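Trainee: prediction below, plus the sequence it came from.
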Amino acid sequence: MQPHNNTPIAAPRLNTELNRARVAPLPQLKSQQICTIGAPDAYRTDYRTVCEVPVPETTYHPKSGNAQYQPVPYASFINGARDAMANMLNADPVFETYALNKAGSQLFGMIGFGSGLTGQAITVALRSSYDKTISNQVAIGSAPFICANGCFSGEHMISAKHTTNVFPTLGRMLGEICDTAVTPVLERIRMVDEWKQIPVQNDLFGAYMGVLFSRGLVKPQEFTAAFRYWNACHDGELHAEHGTNDLFSAYQAVTAAGQRTAPRNAFRHFAGIDHATKAIAEAGGSVTDAYIPAFDLQIREYVDVGEAK
């Protein structure tokens, strides 16, 4: 294995006023980990491989001459997100992990930072594309250090289109969401930790998964992967921390399964699981008594006030 290189790839910067953060290594996961980022049409990879994907050409509006489609290099987006959170927390990240579809045209990634809370990282999740299917999207959430399973609420997701002035727009967007989301995410980490007090035995885990599946929040392959993760943790083959009979471990199993979600579907998966599990927790862990409103993820489009001025 080659030594880790913590120097960012050179690419157009989104905010030149920020200090440059160091690149973090891949998370140190157990070799027998069952769920890794990447669906059947995607694969898990590292920062430098992502940055090697060729950037498509900018296209221009035939009449105005303005950029009609302005692709943002993956390196610029990742570096900008890393820098924004590193400057907010005054700390470099501790892990990074990415996924690409086979064509390299769709990206999903997570960058983890120390939270000051045992076992949990503040995580910046990214989605983007080179095929016009996904705008530049960011979510702020959390992940356990032992497995990098994502925990993201739809409340802390934001998006910016690949259009004119996207570079300064993205720089401002990243700075604002990192500034406003950290405190509520820390509160959410504490709340999720309280789910360890809500008992979930094997039969209730099956009922929990059934609710998620019936609502379209997990797909068949994720359903199967979640059971594999749950069983492996309880059999001592994987993370012992997630082998307890409680809602926290159930939630970790299904978010681990989410690592098999295609990049284009990742945000909806994580936000939907968070939405349903929170409702079940509020009902004391009862899937029959929980009121779970219909879920429809609407990622907020960033309004660039700075540009409007």
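Mentor: Alright, I've got the coordinates. As the structure is a prediction and not an experimental result, all values here were calculated from the model.

Trainee: burial of residue 54, as a residue count?
Mentor: For residue 54, the neighbour count with other C-beta atoms under 10 Å is 8. Placement of C-beta: from N, CA and C, glycine included.

Trainee: so it: helix, strand or coil?
Mentor: Here residue 54 is recorded as coil under DSSP: H, G, I helix; E, B strand; the rest coil.

Trainee: can you give me the helices in the chain?
Mentor: With DSSP state H applied, the chain shows helices at 47-51, 74-89, 166-194, 202-214, 220-234, 247-257, 266-282, 305-308, listed in chain order.

Trainee: quick one: these as JSON lines, columns for mean pLDDT and distance to residue 289 too.
Mentor: As requested, the helices of the chain are arranged in JSON lines below (pLDDT from 0 to 100; distance: least, C-beta to C-beta, whole Å):
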{"stretch": "helix 47-51", "mean pLDDT": "95", "distance to residue 289": "44"}
{"stretch": "helix 74-89", "mean pLDDT": "97", "distance to residue 289": "38"}
{"stretch": "helix 166-194", "mean pLDDT": "91", "distance to residue 289": "18"}
{"stretch": "helix 202-214", "mean pLDDT": "95", "distance to residue 289": "12"}
{"stretch": "helix 220-234", "mean pLDDT": "91", "distance to residue 289": "22"}
{"stretch": "helix 247-257", "mean pLDDT": "90", "distance to residue 289": "14"}
{"stretch": "helix 266-282", "mean pLDDT": "90", "distance to residue 289": "9"}
{"stretch": "helix 305-308", "mean pLDDT": "53", "distance to residue 289": "43"}
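
Trainee: deepest in the core, which of these is it.
Mentor: Among the helices of the chain, helix 247-257 has the highest mean neighbour count (mean count of other C-beta atoms under 10 Å), at a mean of 26.

Trainee: who does that helix touch, helix- and strand-wise?
Mentor: For helix 247-257, the helices and strands in contact under the criterion 3 or more C-beta pairs under 8 Å, 6 or more residues apart in numbering; DSSP states H and E are helix 166-194, helix 202-214, helix 220-234, helix 266-282.

Trainee: want to throw the helices of the chain into a markdown table with distance to residue 107?
Mentor: What follows is these, written out as a markdown table (distance: least, C-beta to C-beta, whole Å):
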| stretch | distance to residue 107 |
| --- | --- |
| helix 47-51 | 6 |
| helix 74-89 | 6 |
| helix 166-194 | 14 |
| helix 202-214 | 26 |
| helix 220-234 | 20 |
| helix 247-257 | 19 |
| helix 266-282 | 10 |
| helix 305-308 | 24 |
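
Trainee: for residue 295, find the nearest of these.
Mentor: Closest of the helices of the chain to residue 295 is helix 266-282, at 5.0 Å (criterion: C-beta to C-beta).

Trainee: from the chain's centroid, how far away is that closest one?
Mentor: Using C-alpha atoms, centre = their mean, to the nearest Å, the mean C-alpha position of helix 266-282 is found 13 Å from that of the whole chain.

Trainee: who's in contact with the closest residue in space to residue 74 that isn't next to it in sequence?
Mentor: Beyond its immediate neighbours in the sequence, the residue positioned closest to residue 74 (C-beta to C-beta, 6 or more residues apart in numbering) is residue 50, lying 5.0 Å away. By C-beta atoms under 8 Å, 6 or more residues apart in numbering, the contact list for residue 50 reads 74, 75, 78, 98, 100, 107, 109.

Trainee: ok, now residue 249?
Mentor: Residues touching residue 249, when contacts are defined by C-beta under 8 Å, 6+ apart, comprise 196, 200, 230, 233, 242, 243.

Trainee: quick one: those residues as a markdown table, columns for distance to residue 184 too.
Mentor: Formatted as a markdown table, the entries for the contacts of residue 249 read as follows, by distance: C-beta to C-beta, whole Å:
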| residue | distance to residue 184 |
| --- | --- |
| 196 | 20 |
| 200 | 25 |
| 230 | 28 |
| 233 | 28 |
| 242 | 24 |
| 243 | 29 |
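
Trainee: now, among the residues you listed, which is nearest to residue 6?
Mentor: Using C-beta to C-beta as the measure, the one of those that approaches residue 6 most closely is residue 242, at 29.4 Å.

Trainee: burial of the closest one, as a residue count?
Mentor: Residue crowding around residue 242 was assessed by other C-beta under 10 Å; the count is 23.
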